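Chemist: Return a 3D structure for these sequence lines:
(chains A, B and C)
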Amino acid sequence: MTADLGYGMTLIALGLAVYGGLAAGVGAKTGRLALVESAQHAALGVFALVTSCFVLLTYAFLTFDFSVRYVATNTNLGTPFYYRITGVWGALEGSIILWSWMLALYTIILIVRHRVGARELYPWALATMLGILAFFLLVMTVAAPPFQRQIPVPPDGRGLNPLLEDTGMITHPVALYLGFTGFTVPFAFAMAALITGRIGDTWLALTRRWTIVAWYFLSLGLLIGGWWSYHVLGWGGYWAWDPVENAAFMPWLTGTAFLHSVMIQERRRMLRLWNISLVILTFGLTLFGTFLTRSGVIASVHAFTQGSIGILFLSFLALVLLTALGLVAWRWETIRSEGELDSVVSRESAFLLNNVLLVAAAFTVFFGTVFPLLSEAVRGVKVSVGAPFFNQVNIPLFLSLVFLMGVGPLIAWRRASADNLKRNFLWPVVLGIAAAAAAFALGVRSFLAVLTFATTVFVAVTIVVDFTRATRARRRLGESLLPAMGRLLVRHNRRYGGFVVHLGILIIALGVMGSHAWSVQTETTLRRGETAELAGYRFRFDGLTAVEESNHLKVVGDFTVSNGRVLGVLRPAKKFYPQEQAPIAYVDYRLGLREDLYLVLGDFARDGSQATIKLQVNRLVSWIWIGGFVLTLGALLAILPERHKTA
Amino acid sequence: MSCLIALLAAVIVLAAPTLRASGQTAKPVNEDVVHEVAVQLRCVVCQNLSVADSPSEMASQMRAIIRERLAAGESPAEVQRYFVERYGEWILLAPPRRGFNLLVWLLPFVAVLAGLAAAAMLIRRWTRRARTAPTSPVTVDAAMSERIRRELERES
Amino acid sequence: MKLWRWLIPLAAVPVLALLAYGFRVSPRDIPSPLVGRPAPAFALSTLDGAPMTLEGHRGKVLILNFWASWCYPACYEEAPVLERNWRGYRDRGVVVVGVDIQDKREAAEKFVADFGLTFPIAQDLKGTVSVDYGVYGVPETFFVDRQGRIRVKHVGAVTDDVFRKTVDRLLAEAGAP
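Modeler: Have a look, this model is predicted:
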């Protein structure tokens, strides 16, 4: 019954979405407001139906309704309550419902926010959103239906993938999808702008906040994904350049480029063509990401499944790209903007450079990800493109981008005079070089580490210089220190939000540098009572214990950690789930500001007399999470609505 | 999903009497060298992880093999060649810089250069246009520039 | 400049074509460089304690099958196929040999007992043999000719059809060991 009800609701939602998209489109073309309003009602209906489907599915999960196949495959009687809710989006079909629901939600918000303000663009944007929503509902109906009946009804389900029983894994898809789907709205407005020919600044102004919100969630999703990878997967790393990770990273790169080039269009009315293309590219990359995750075309640890769903996504991607880019080509003459610049050395140039590097990085990641496919198509030989490649090629790009972070905000628009350059960059350059010398003096010999350190100091000083100068200016006008700083942040929240984001990136950069340059690891087998040593820490193997949990058996190894004095006991484990054929490694770690201790349990003797462990001392990894937190704070600051500025 | 299961299916426990010693060989080998070799090789069961990083059983065995071969006197390059001979180029996590593979190594830099060239052309077009109508720079002090900045923010 | 702008949408086409090509190949399907080369030597002990080496089977057509008890359903499907064909071909100079990887001894013995497997089976405890043969998953089966060269690598469950066609072809080849 549940299955049929859910399936019925999905079908009706699909029909409504198709109707709504057509109605909005026709209404936009002919100017018939009644049709557009009808489309709005249809959108509301879709949202209500998809929400109901979601609630119904969650209810099925909570009540162990194994007559629904999706429930039977993803939970069993032992699945804890919390994971029964979050397991709803743990596999393919649930992920499509989640995506559709978010699209529907964003459509409603679009209606509420822009129904009045953007007369010309709004109907076309609505039509685009509903069209995309219709596609995902189509996928839900045809290729990945969550409401299939399981006959005969089994007494117990299979169970959730144990790797998904983790808080990080719960928030990671939600944040990531909010980011992905968030970029649909700027795309919808870009299409509206192209179709109506109103490619001025209206569409840009409308989408600015949407883009930051989407970017915020995407950043959050990526960071949480890294965190989850680090503390669950058991390999001691946070980023593997896995194709699906890349698929989420590429739209982030182009989205970041867009966030910056938007400022050029706002200030100087330049780069309109480029901005529209960036939005289309970003949205296309989000579709590419879903395609990659679900088609099985490229092997990945994330890949959900194969089948007709891949073909559906590829066809849709083709439709979207060809239509959007075709529109760009059609409107080519109208879009191209004229601009003026007094000097090559100017903010416009810096931002342009920023865009070139970001898009080049996105291209690198893209080409590296599809190269195995290309190699097979051309040579018939399978190759792998993994972390060593991406790290080597991307690091120079990213380092240059970090450097630009220091240059961009301070250099003048149009033309940077020698005076402007000296005022803004003297201290940063001096301190940057001093930092490099200090690092070298302290014994740092890795060229990359020294360079990274110098660059981050350079950028940090530029931020400090700007902030103190502006604060001092306000104080000269009569304000005291703290209110001056506070008002600066609030009144110019875009600028200072951006600075805080840059600060976050700096901290992340240092964390990445530390973890790459200075982490150490080893692997060894210990008898009970024996000690292993690494980086000044001693790990003594004390024995094994078996623990029975609600849906799995856990074998825990006790390792006492000391570095002169006893620091504690680490308990890495192996979890044995009946539905999985092999155990899952459960790592234990001790996080610190400077370094993390990381332990993975390998083989062990049944009687607990021996165990093999992989030890890692990872340096500065915590800085990545701290930097990520700072970054999100900055994004939130920038999203704040602008107050009308008075003196 | 099935790939995850396949991944997990490869991680397994060995029984007590047949526990094999890992890492205990006749000649002590620098674990860092083992790690360096292992980091270049792809774990065959965990997609996209290196043999050094992968927590799977297969990777653990491969690391033991690397350790043994290094202890027997082979150079890291020879150990790498041993794996390539058996698995093909695919086992290397970065494609060897030869022949067709050069495309993936060089194209990113070509892309950067092309982007820089396009940007340069664009900037030149912008500055050329401005040169026909020059404006003189104005210098302002910090307080004034702060006030000006506020005005600009308000306007945009 | 008029027509050049249409290059923009056209640029998407080769990318889409490449992705479509991806549907025709499987990322797990990795061709083995060992085909056509001499089979690597191995020296193992069967579950019964008897020695099992490559040399010991020279002159016969050898089917080397890598499996595991946790490899479901493929290994379960091919086990009866292998046993059946082993019994059919053993008097014709063909030998089937099983190598169990990453498995517990009890699980391996149970598997052998459940399927009534009579051909020699050994466990590759350290994984050296499976790496030597470039094994990246189970089941994988190597068909070795009488001269000791690997002729076919079959990934996935072996079927009667595959077994008989390959073995008949190798048996038909003339040539002294």
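Chemist: I'd like to check which residues are in contact with the residue nearest the centre of chain B.
Modeler: Geometric centre of chain B, nearest residue: B:Ala94, 8.0 Å, by Cα atoms, centre = their mean. Listed by Cβ atoms under 8 Å, 6 or more residues apart in numbering or on different chains, the contact set of B:Ala94 reads A:Ser384, A:Val385, A:Gly386, A:Pro388, A:Phe389, A:Gln392, B:Gln40. Where C-beta positions appear, they are placed from N, C-alpha and C, glycine not excepted.
Chemist: helix or strand for the fourth one, which one?
Modeler: Just to be clear, that refers to A:Pro388. A:Pro388 is part of helix A:387-407 when elements are defined by DSSP states H and E.
Chemist: Whether the very next helix or strand once past that helix contacts chain B - can you check?
Modeler: Heading C-terminal from helix A:387-407, the first helix or strand you meet, by DSSP H and E, is helix A:418-441. Yes - counting by Cβ under 8 Å from any Cβ of the partner chain, chain B is contacted by helix A:418-441 at A:Asp419.
Chemist: Out of the contacts of B:Ala94, which is nearest to chain C?
Modeler: Chain C lies nearest to A:Ser384 out of the contacts of B:Ala94, by Cβ to the nearest Cβ, at 9.9 Å.
Chemist: Farthest pair within the contacts of B:Ala94?
Modeler: A:Ser384 and A:Gln392 (14.3 Å; Cβ to Cβ).
Chemist: Pick out whichever of these two has more residues nearby.
Modeler: Higher neighbour count among A:Ser384 and A:Gln392: A:Ser384, with 24 against 12, using other Cβ atoms under 10 Å in any protein chain shown.
Chemist: that older thread, of the contacts of B:Ala94, just the buried ones, PyMOL syntax please.
Modeler: Buried residues within the contacts of B:Ala94, by 16 or more other Cβ atoms under 10 Å in any protein chain shown, are selected in PyMOL with:
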select buried, (chain A and resi 384+385+386+388+389) or (chain B and resi 40)
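Chemist: Flag the shaky bits of chain A, pLDDT-wise.
Modeler: A:296, A:299-307, A:336-339, A:579-582, A:642-647 (pLDDT under 70).
Chemist: do the same with chain B
Modeler: B:1-28, B:129-142, B:154-156.
Chemist: show me the biggest helix of it in terms of residues.
Modeler: The helix that spans the most residues within chain B, counting by DSSP state H, is helix B:102-131.
Chemist: ok, now chain C?
Modeler: helix C:74-89.
Chemist: Need the contact partners of it.
Modeler: In contact with helix C:74-89 (Cβ under 8 Å, 6+ apart) are residues C:63, C:65, C:67-69, C:94, C:96, C:98, C:111, C:115-119, C:138-139, C:141, C:156-160, C:163-164, C:167.
Chemist: What's the PyMOL line that selects buried ones from these?
Modeler: Typed into PyMOL, the line below selects the buried ones among the contacts of helix C:74-89, using 16+ other Cβ under 10 Å:
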select buried, chain C and resi 63+65+67+68+69+94+96+98+111+117+119+138+139+141+156+157+158+163+167
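Chemist: circling back to that earlier point, buried residues, the longest helix of chain C. List them.
Modeler: In helix C:74-89, counting by 16+ other Cβ under 10 Å, buried: C:Ala74, C:Cys75, C:Tyr76, C:Glu78, C:Ala79, C:Val81, C:Leu82, C:Glu83, C:Asn85, C:Trp86, C:Tyr89.
Chemist: Next secondary structure element downstream of it?
Modeler: strand C:94-101.
Chemist: Now do that following strand, average pLDDT.
Modeler: For strand C:94-101, mean pLDDT is 92.
Chemist: May I have the phi/psi pair for A:Val520?
Modeler: phi -130, psi 160 (degrees, to the nearest 10).
Chemist: Report how many residues lie close to it.
Modeler: 15.
Chemist: Run through the bridge partners of the residue nearest the centre of chain C.
Modeler: Among the residues of chain C, the one closest to the centroid is C:Thr141, at 1.8 Å (Cα atoms, centre = their mean). Per DSSP bridges, the residues bridged to C:Thr141 are C:Asn65, C:His154.
Chemist: distance of it from chain A?
Modeler: 20 Å (Cβ to the nearest Cβ, to the nearest Å).
Chemist: Please name the residues that touch that residue.
Modeler: C:Thr141 neighbours (Cβ under 8 Å, 6+ apart): C:Ile63, C:Leu64, C:Asn65, C:Phe66, C:Glu78, C:Lys153, C:His154, C:Val158.
Chemist: now the lengthiest strand in chain A, how far from the chain's geometric center?
Modeler: Scanning chain A for the longest strand, with DSSP state E as the assignment, gives strand A:537-548. In terms of Cα atoms, centre = their mean, to the nearest Å, the centre of strand A:537-548 is found 36 Å from the chain centre.
Chemist: Spell out which residues of chain A are next to chain C.
Modeler: So chain A meets chain C at A:277, A:291, A:295-299, A:310-311, A:314, A:317-318, A:321-322, A:325-326, A:328-329, A:332, A:370, A:372-374, A:376-377, A:382, A:581-582 (Cβ under 8 Å from any Cβ).
Chemist: can you list the residues that contact stretch A:432-445?
Modeler: Residues contacting stretch A:432-445 (Cβ under 8 Å, 6+ apart): A:Ala449, A:Val450, A:Leu451, A:Phe453, A:Ala454, A:Thr455, A:Val457, A:Phe458, A:Val461.
Chemist: Turn those into JSON lines, columns for secondary structure and neighbour count.
Modeler: Formatted as JSON lines, these follow (DSSP: H, G, I helix; E, B strand; the rest coil; neighbours: other Cβ atoms under 10 Å in any protein chain shown):
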{"residue": "A:Ala449", "secondary structure": "helix", "neighbour count": "18"}
{"residue": "A:Val450", "secondary structure": "helix", "neighbour count": "19"}
{"residue": "A:Leu451", "secondary structure": "helix", "neighbour count": "18"}
{"residue": "A:Phe453", "secondary structure": "helix", "neighbour count": "24"}
{"residue": "A:Ala454", "secondary structure": "helix", "neighbour count": "22"}
{"residue": "A:Thr455", "secondary structure": "helix", "neighbour count": "24"}
{"residue": "A:Val457", "secondary structure": "helix", "neighbour count": "22"}
{"residue": "A:Phe458", "secondary structure": "helix", "neighbour count": "25"}
{"residue": "A:Val461", "secondary structure": "helix", "neighbour count": "20"}
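Chemist: Leaving out sequence neighbours, find the closest residue to A:Tyr19.
Modeler: A:Ala42 (5.4 Å; Cβ to Cβ, 6 or more residues apart in numbering or on different chains).
Chemist: again, but for B:Phe109
Modeler: A:Val393 (7.9 Å).
Chemist: Would you agree that neighbour is in contact with A:Phe367?
Modeler: No - at 9.6 Å, A:Val393 does not count as touching A:Phe367 under the criterion of Cβ atoms under 8 Å.
Chemist: between the longest helix of chain C and strand C:94-101, how many degrees?
Modeler: 160 degrees (axes from the mean of the first three to the mean of the last three Cα atoms, to 10 degrees).
Chemist: Now do helix C:74-89, average pLDDT.
Modeler: 90.
Chemist: Quick one: name the residues of the stretch 1-150 of chain A near chain B.
Modeler: So the stretch 1-150 of chain A meets chain B at A:Ala91, A:Leu92 (Cβ under 8 Å from any Cβ).
Chemist: just so I have it, where are all the helices in the stretch 1-150 of chain A?
Modeler: A:2-30, A:33-62, A:69-74, A:81-86, A:92-114, A:121-142 (DSSP state H, counting those that start in this stretch).
Chemist: Of all these, which one comes closest to A:Thr524?
Modeler: Using Cβ to Cβ, the nearest of the helices of the stretch 1-150 of chain A to A:Thr524 is helix A:81-86, at 34.4 Å.
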